[in-house]
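# Build the 3D model from these lines:
(2 chains)
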Number of protein chains: 2
Amino acid sequence: MKKIEGGVTSPKGFKAASTAAGIKYQGRTDMAMIVSDVPCRCAGTFTSNIVKAACVQWDMDIVKSGRPMQAVIVNSGIANACTGEEGFEACRKTAGALTEAMDIPADTIAVASTGVIGMQLPVDKMSAGVKDMAGKLSDSAQAGTEASKAIMTTDTINKEIAVTFEIGGKEVTLGGMSKGSGMIHPNMCTMLGFITTDLLIDKNLLQEALSDVILDTFNMITVDGDTSTNDTLLIMADGLAENPEITEKNADYDTFYEALFEVCRYLARRMAGDGEGATKLFEAKVVNAKTKEDARILSRAIVGSNLSKAAIYGCDANFGRFLCAMGYSGSVFDQNDVELFFESSVGRLQVFKMGVPLTFDEDLAKKIMEQEEVTIFVDMHEGSKEATAWGCDLTYDYVKINADYRS
Amino acid sequence: MKKIEGGVTSPKGFKAASTAAGIKYQGRTDMAMIVSDVPCRCAGTFTSNIVKAACVQWDMDIVKSGRPMQAVIVNSGIANACTGEEGFEACRKTAGALTEAMDIPADTIAVASTGVIGMQLPVDKMSAGVKDMAGKLSDSAQAGTEASKAIMTTDTINKEIAVTFEIGGKEVTLGGMSKGSGMIHPNMCTMLGFITTDLLIDKNLLQEALSDVILDTFNMITVDGDTSTNDTLLIMADGLAENPEITEKNADYDTFYEALFEVCRYLARRMAGDGEGATKLFEAKVVNAKTKEDARILSRAIVGSNLSKAAIYGCDANFGRFLCAMGYSGSVFDQNDVELFFESSVGRLQVFKMGVPLTFDEDLAKKIMEQEEVTIFVDMHEGSKEATAWGCDLTYDYVKINADYRS
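All right, here's what the predicted structure looks like:
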């Protein structure tokens, strides 16, 4: 597997475009579109929030129906959630605009939205945006990058990645983009994420790989504990790499799985580190837990605690907050088995050992915590399973951004 | 039932004292003590966090053993959690100091701590504090008030209440104090809360009443979603009111229950409104839910959401965030059955009706949200059960307080 420059337009057969449709933001792009030359096999994972946006329900229908997916239209600014029948009509009309422009069947066109909940989409602006984008689709890396910027809301950096690997002598490419920032606490899915590939693979295996990979990637990040109404992760595979089709879990499947894992992990970490108001990436690594699920629960509880996040922001080695979060996580363990360390690029420091707090060098602790990526390393001494979760610090800016989001 | 001036020293037979022991804070009191003239029947509820402070385990032992309780010693500044065997030794020595001073058996003396996790208590200072307090115990209202101040950490106001009611022609008094502020997300208990009464009641009924009352009072508040290692609520009943003993769930029990509910509700609401950095009380009232548990889960999810809390701070009527929080709460419902209103002392405004967002007067919404107590009223139209939860807004000051708590 090799990381290359690029994103969703890197795999063969995929084009992208973006436009400033004026949906809510002014003076910036707010719509993006990915279109495949041919119908794709697709898979997706979606929010577990039972209040699902209209577009989520629209996309779930495509993924579950077994129909191919050939395009996805995304807007930022308005979420199209809690919008009743009018919200579904907006999905229909948005997809319909692309059908009109490019003769792609509407029921193979995914739509995705992110932004304010409880507002209706301006359908005329959306349709105009789709037509504009249809006229300027491009397979350039630049077009993919611009698309990854158009889907941003309060994100401060765009997130994209592309990797290549070989299957049966053929070069296969996997590209992805995502947006995160606030209302980030994915559960069985992520915020908006779009992955393209020219791999030829059985549709069920594609879904299985995606559903499995998110458990240790997108589902392990949190910004604020709020699971969105709109979380959507889609993958489209057009098969143009002409590799021998992957129809079983063989070595080829493993190669693909590894690449998909890396793409999702990269995007997830970038989303965590770029959480609303965040100044740093906050990682919790739990090792030697009794079960995989325990390791996941414990690491997520640590990065999800407001008090832990505030301590990370303040570079305060207040490790009791991490133990407290582990204690209320729902996982059962004995605090007398636990060891806890702070880690970053400048060093590693143990602060808690088998139930007893250690005296430690506060200056070194502060130095470790001042880095841009800080890890809490926890050894449970109760088994052999591990998991890593990613979050960010809780800052004044998080409050500022969210106290006045709509205006 | 009548509310009177006073607190934990109001019931017959209870005295209190406080002192500046210099445990962590300087220039303020940081220890308090409540002592009963006679051994009391007692009940308690404790944190569900499996990382329990040493003092929580100490108190649980008294409550569960069936032994009487005659005193409780409280310190603020250090939590005595994650402190290993040395932490238990601190409990033993603290109680032992009171035994020495007043000849009260150590195994009937509760101890409670709040503050930094993972630091050892300075036992010599604690013992000196106990001896000092033993010499100045008083049944004055002033002594109770001073005790309620000594247990504060980042609280900005002390919380105490006293009520009287009549049982069998005898006046019974119930007094209480509590502290809250941060790491507040009680689960089967509260932060530190101490209730005294001169009521004569069967011990099992006392526990049953307390365990039941907290479900709709202390367990319905949240400040930051962090369930503490130290949550402790104790009630001591010395029987000196000389009422006919309550031994079954009769009208007398109901009278007591109602008074206990009011005391707990009052303290809980005060704790929520005085959450760390809070500028206002944020209440969520859910009516017509399918089950009581659904009503509780939904109302707690609303006040627990960081995004909802930030919107309340910013007076931003971004109601989609409340619906989003309800959606990920774990309760199952149909958004097309839901109505949502903003309420405060200046008015009431509907913003969402049966799945559809309403156009509403933004100026009125802002005016409603600018008040010191703001309520989100949700009608589920799915049953007949209701619940109310209390929280506070998320502010810059919450971050400030918690980014630099230890120093």
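# Can you list phi and psi of the closest residue to chain B within the stretch 1-150 of chain A for me?
Nearest residue of the stretch 1-150 of chain A to chain B (Cβ to the nearest Cβ) works out as A:I117 at 2.4 Å. All C-beta atoms are positioned from the backbone trio N, CA, C, and that covers glycine. Main-chain dihedrals, A:I117, degrees, to the nearest 10: phi -90, psi 150.
# any idea how far B:A43 is from it?
Counting by Cβ to Cβ, to the nearest Å, the separation of A:I117 from B:A43 is 44 Å.
# Looking at those two, which has the bigger crowd around it?
A:I117 (28 against 23; other Cβ atoms under 10 Å in any protein chain shown).
# How about the more buried one, nearest residue that isn't a chain neighbour?
Nearest non-adjacent residue to A:I117, counting by Cβ to Cβ, 6 or more residues apart in numbering or on different chains: B:G320, 2.4 Å away.
# check contacts around the one you found.
By Cβ atoms under 8 Å, 6 or more residues apart in numbering or on different chains, the contact set of B:G320 is A:A79, A:A81, A:C82, A:V116, A:I117, A:G118, A:M119, A:T229, B:P357.
# Serialize those to JSON lines and add fields for secondary structure.
Shown next, in JSON lines, are those (DSSP: H, G, I helix; E, B strand; the rest coil):
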{"residue": "A:A79", "secondary structure": "coil"}
{"residue": "A:A81", "secondary structure": "coil"}
{"residue": "A:C82", "secondary structure": "coil"}
{"residue": "A:V116", "secondary structure": "strand"}
{"residue": "A:I117", "secondary structure": "coil"}
{"residue": "A:G118", "secondary structure": "coil"}
{"residue": "A:M119", "secondary structure": "coil"}
{"residue": "A:T229", "secondary structure": "coil"}
{"residue": "B:P357", "secondary structure": "strand"}
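# Let me know the closest of the residues you listed to B:S308.
A:I117 (11.4 Å; Cβ to Cβ).
# which residues of chain A fall in helices?
A:54-65, A:84-102, A:123-134, A:141-150, A:203-213, A:251-273, A:292-304, A:306-313, A:320-327, A:362-369, A:396-403 (DSSP state H).
# For B:E370, see how far away the residue nearest to A:I117 is.
20 Å.
# one step back: any idea which of the helices of chain A scores lowest on pLDDT?
Mean pLDDT is lowest for helix A:396-403 out of the helices of chain A, coming in at a mean of 81.
# What is that one packed up against?
helix B:306-313, helix B:396-403 (3 or more Cβ pairs under 8 Å, 6 or more residues apart in numbering or on different chains; DSSP states H and E).
# Single out the most deeply packed of the ones you listed.
helix B:306-313 (a mean of 28; mean count of other Cβ atoms under 10 Å in any protein chain shown).
# orientation of that one relative to helix A:396-403 in degrees?
70 degrees (axes from the mean of the first three to the mean of the last three Cα atoms, to 10 degrees).
# From the chain's centroid, how far away is helix B:306-313?
22 Å (Cα atoms, centre = their mean, to the nearest Å).
# Packing partners of it?
Helix B:306-313 packs on helix A:396-403, strand B:281-289, helix B:320-328, going by 3+ Cβ pairs under 8 Å, 6+ apart.
# Dump the ones you listed into JSON lines; add distance to B:S127 as well.
What follows is these, written out as JSON lines (distance: least, Cβ to Cβ, whole Å):
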{"stretch": "helix A:396-403", "distance to B:S127": "42"}
{"stretch": "strand B:281-289", "distance to B:S127": "39"}
{"stretch": "helix B:320-328", "distance to B:S127": "47"}
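# so which of those comes closest to B:N75?
That would be strand B:281-289 among these, by Cβ to Cβ, at 28.0 Å.
# Could I get the CA-only coordinates of that closest one as PDB?
What follows is strand B:281-289, C-alpha atoms only, in PDB (Å, rounded to 0.1, in the frame of the first residue of the first chain):
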ATOM      1  CA  LEU B 281     -30.700  26.800  34.900                       C
ATOM      2  CA  PHE B 282     -31.600  24.700  31.900                       C
ATOM      3  CA  GLU B 283     -34.700  22.600  32.400                       C
ATOM      4  CA  ALA B 284     -36.200  19.900  30.100                       C
ATOM      5  CA  LYS B 285     -39.700  18.800  30.700                       C
ATOM      6  CA  VAL B 286     -40.900  15.800  28.700                       C
ATOM      7  CA  VAL B 287     -44.600  14.900  28.800                       C
ATOM      8  CA  ASN B 288     -46.800  12.200  27.400                       C
ATOM      9  CA  ALA B 289     -43.900   9.800  26.900                       C
END
